[in-house]
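>>> What would the 3D arrangement of this be:
(one chain, ligands or ions: 1)
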Amino acid sequence: MSAEVEKVLIIGSGPAGLTAAVYAARANLNPLCIEGLVVGGIPGGQLMITTEVENYPGFPEGIKGPEMMQKFRDQAERFKTRFVTQDVDRVDFSSKPFGVWADGKEYRAQTVIISTGASAKWLGLENEQKLQNKGVSACATCDGFFFRNQDVCVVGGGDTAMEEALYLAGLCKSVTVIHRRDTLRASQIMQARAKAHEKISFIWDTEVVDVLDVEAGTVNGLKLRNLKTGEETLHPTEGLFVAIGHVPNSQVFKGILDQDELGYLVTKPGTVETNIPGVYACGDVQDKLWRQAVTAAGTGCMAAMSAERWIAEEEFKGA
Ligand code: NDP
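Next up, the predicted model:
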């Protein structure tokens, strides 16, 4: 075995991973954080593609997502966390020290903290994929700028959809929210803001069945189906923003760590312990219920403290 053995290896650099890094670094565990690029091709997780964070305690005026993540990272670096910017493509937790591979390089560690988060879900339409970055997006803050003064659509009825619609309304000529039911899932305050905005309108009980126009190489319309009447219509638009929820980034742990039916990593109740002692999961990859930056950070703290205790116990046993 060639790789040096780390005490704590953290996979992922959202609020969970970076909080784990701060705690592990301050406990003198010299953590290595492999910060992946799964969300939007940049490290830092979902907050990197979020506009305003208004509910993270300590920021009474609110803070931009990327700015907040920079602060998290600065704090982790202040205590000498080391970073590698790569996606992990394989792990082996069958023997110790645990093995992690990223871009062909092998890493070995006494403990592993998994904080790989979750990613945006897509509708699953063939042309949606073909027109990605050509008018189809899952991130208004990343791509909204390209649709200034244009007519765009947002699919979804949750807080993300309302947030995307409100952000786009500040840039675009019009925003049409297309939702498959006639009531929104979003919080009352977000619903009220979106419904009150003069540039935002709603199409209810409707799904997107196709995105046009692959031949033109750009989005110029959507084929919609009313789920109550079955009627199909063409809706002209220049952009489609998909905001229908998330899936956990847990593919690489399939068959190795216990997962639920949706792919979320399973942790023992009240802990961040996976089915393999010494391997911890924190943040959105193990949480389909709360999914908040502050809860992710809390579980990141739990993971680092658990790793610290486990290392101490192992060292005591081996002494
Ligand atoms: P949600 O799961 O809350 O909402 C997803 C929405 O997309 C639902 O309205 C759902 O419809 C719809 N949907 C799902 N799959 C499909 C599909 N295949 N076709 C069409 N529509 C579909 O996800 P969000 O990302 O909106 O929010 C996740 C969590 O993050 C929530 O807890 C939310 O409160 C929180 N959040 C908070 C924010 C804030 O406070 N600023 C901002 C963003 C998120 P249906 O309703 O019919 O199920």
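>>> What is the burial count for the residue in the chain positioned nearest to the ligand?
Nearest residue of the chain to the ligand: Gly158, at 2.4 Å (Cβ to the nearest ligand atom). Every residue, glycine included, has its C-beta placed from N, CA and C. When neighbours are counted by other Cβ atoms under 10 Å, Gly158 registers 17.
>>> Likewise for Asp260?
Neighbours of Asp260 using other Cβ under 10 Å come to 12.
>>> quick one: the nearest residue to it once chain neighbours are set aside from Lys80, how far?
For Asp260, ignoring the flanking residues on the chain, the nearest one in space by Cβ to Cβ, 6 or more residues apart in numbering is Val266 at 5.7 Å. Here Val266 is placed at a distance of 32 Å from Lys80 (Cβ to Cβ, to the nearest Å).
>>> How about Arg185?
Where Lys80 is concerned, Arg185 sits at a distance of 43 Å (Cβ to Cβ).
>>> These two: which is more packed in?
Each of Arg185 and Lys80 has its neighbours counted (other Cβ under 10 Å); Arg185 has more, 16 against 12.
>>> I figured that one hits Met162, correct?
No: here Arg185 does not reach Met162: they are 9.5 Å apart, not a contact under Cβ atoms under 8 Å.
>>> The ligand contacts on the stretch 101-250 of the chain?
123, 155-161, 163, 180-181, 185, 187, 207, 244-246 (Cβ under 6 Å from any ligand atom).
>>> what's next to stretch 19-26, contact-wise?
7-8, 10, 13, 30-31, 33, 72, 75-76, 79-81, 113, 115, 282, 296-298, 300-301, 303-305, 307-308 (Cβ atoms under 8 Å, 6 or more residues apart in numbering).
>>> From those, which land in strands?
Applying DSSP state E to the contacts of stretch 19-26, the entries found in strands are 7-8, 10, 33, 113.
>>> nearest to Glu315, of those?
Set against Glu315, the nearest of the ones in strands among the contacts of stretch 19-26 by Cβ to Cβ is Lys7 (10.0 Å).
>>> okay, now that closest one: neighbour count?
Burial of Lys7 is recorded as 18 neighbouring residues (other Cβ under 10 Å).
>>> While we're on it, how confident is the model there?
Note for Lys7: predicted pLDDT of 98.
>>> now do His197
At His197, pLDDT is 98.
>>> what number of residues lie near it?
His197: 15 neighbours (other Cβ under 10 Å).
>>> right, and it touches Leu166 too?
Yes: under the contact definition of Cβ under 8 Å, His197 touches Leu166, with a separation of 6.5 Å.
>>> where exactly do the helices run in this protein?
15-26, 65-78, 126-130, 140-143, 159-169, 188-196, 293-318 (DSSP state H).
>>> Those: which one's closest to Phe93?
The nearest among these, by Cβ to Cβ, is helix 293-318 at 13.6 Å.
>>> Okay, angle between that closest one and helix 15-26 too, please.
Angle of helix 293-318 versus helix 15-26, following axes from the mean of the first three to the mean of the last three Cα atoms, to 10 degrees, is 40 degrees.
>>> Domain boundaries for the protein, per the record?
The chain breaks down by automatic domain parsing into domains covering 5-119+246-318, 122-242.
>>> so which of these is the most packed in?
Mean neighbour count, computed with mean count of other Cβ atoms under 10 Å, is highest for domain 5-119+246-318 among those, reaching a mean of 20.
>>> In the stretch 101-250 of the chain, where is pLDDT below threshold?
By pLDDT under 70, the stretch 101-250 of the chain contains no weakly predicted segment.
>>> where does the residue nearest to Asp260 land on pLDDT?
98.
>>> got it, and Thr50?
On the pLDDT scale, Thr50 is placed at 66.
>>> do the one 10 residues further on as well
At Pro60, the predicted lDDT confidence score is 94.
>>> Check the spacing between it and Pro66 real quick.
19 Å.
>>> now do Cys153
25 Å.
>>> same question, Gly283
Relative to Pro66, and taking Cβ to Cβ, Gly283 is found at 17 Å.
>>> can you check Lys288 too?
Counting by Cβ to Cβ, the gap from Lys288 to Pro66 is 24 Å.
>>> Write down the beta-bridge partners of Val177, one by one.
Val154, Phe202 (DSSP bridges).
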